[in-house]
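**Q** Return a 3D structure for these sequence lines:
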Amino acid sequence: MRILVVEDESKAADYLQQGLAESGYVVDVARNGTDGLHLALERSYDAIVLDVMMPGLDGWQVLQQLRAHDDVPVLFLTARGELEDRLKGLDLGADDYLVKPFSFAELLARLRTLLRRGPVRADQNLALGDLRIDVLKRRVTRATTRITLTNKEFTLLQYFVTHQGEVLSRSLIASMVWDMNFDSDTNVVDVAVRRLRQKIDDPFPGARLIHTVRGVGYRCEVED
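**A** Residues are numbered from 1 along each chain as shown. Sure thing, here's the model as predicted:
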């Protein structure tokens, strides 16, 4: 499998290239965001390890432009571990993140998780009440109103509707939607659900679709 590493720090880039190569991957390295985006769009990769803080074109910008063309799994590397920074990356379409400094063993484990997922074949339309999801076109409407979602918001909603009526714990949602385990004191899932509700439920008074199950997590269904 081929991995692209986009990292402007030479020692870190060399470290990642050597470690991933010794783990059996074919590795390309870009030393800045511009070159990284060019390689990502020109070649086929199984996953991308992307640093956030780079001069010129940073990781946020690289990911935003990449997601307009490709759904390749992206693991963010960031020195900024604040919740809002992590949410920004996830909203832009990152699949996972690691906060620097990190252990190479953990990075390798997370990459393997992303690679095991493989391509998702979406070939159906989903419905819940007056909500409609065109999975192939990634289009969402409610009561004929078009709703614009980020990549992760769409994935979260798709997971909810696919498992409608089920009580889903926060840890399960984190695992299935982001392929990661959040610390118990981290409210990333709650913030993501709140943002989704602001688009799916708040503009449509009456029947709410996303419900909180106190002490457990969430359930998505039309209540009588």
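
**Q** Return the helix or strand in the chain with minimum mean pLDDT.
**A** Using mean pLDDT, DSSP states H and E, the weakest-scoring helix or strand in the chain turns out to be helix 83-92, at a mean of 74.

**Q** any idea which helix or strand comes after that helix?
**A** strand 96-99 (DSSP states H and E).

**Q** residues of that next one that come out buried?
**A** D96, Y97, L98 (16 or more other CB atoms under 10 Å). Bear in mind the C-beta positions are built from the backbone N, C-alpha and C, glycine included.

**Q** Tabulate those residues (JSON lines), appending pLDDT and distance to H211.
**A** JSON lines is the format used below for the buried residues of strand 96-99 (pLDDT from 0 to 100; distance: CB to CB, whole Å):
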{"residue": "D96", "pLDDT": "84", "distance to H211": "28"}
{"residue": "Y97", "pLDDT": "83", "distance to H211": "28"}
{"residue": "L98", "pLDDT": "86", "distance to H211": "33"}
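
**Q** can you give me the strands for this structure?
**A** In the chain, the strands defined using DSSP state E lie at 2-6, 26-30, 47-51, 74-78, 96-99, 125-128, 131-134, 139-142, 145-147, 167-169, 210-213, 217-220.

**Q** of all those, which gets the most neighbours per residue?
**A** Highest mean neighbour count among the strands of the chain (mean count of other CB atoms under 10 Å): strand 47-51, with a mean of 26.

**Q** Got the domain ranges for the chain?
**A** What automatic domain parsing lists as the domains of the chain is 2-117, 125-220.

**Q** re the thing from before, and the strands of the chain, which one is worst for confidence?
**A** When these are ranked by mean pLDDT, strand 96-99 comes last with a mean of 84.

**Q** That strand: how far from the chain's middle?
**A** Average the C-alpha atoms of strand 96-99, do the same for its chain, and the two points are 11 Å apart (CA atoms, centre = their mean, to the nearest Å).

**Q** So which elements touch it?
**A** Judged by 3 or more CB pairs under 8 Å, 6 or more residues apart in numbering; DSSP states H and E, strand 96-99 is in contact with strand 74-78, helix 83-92, helix 104-117.
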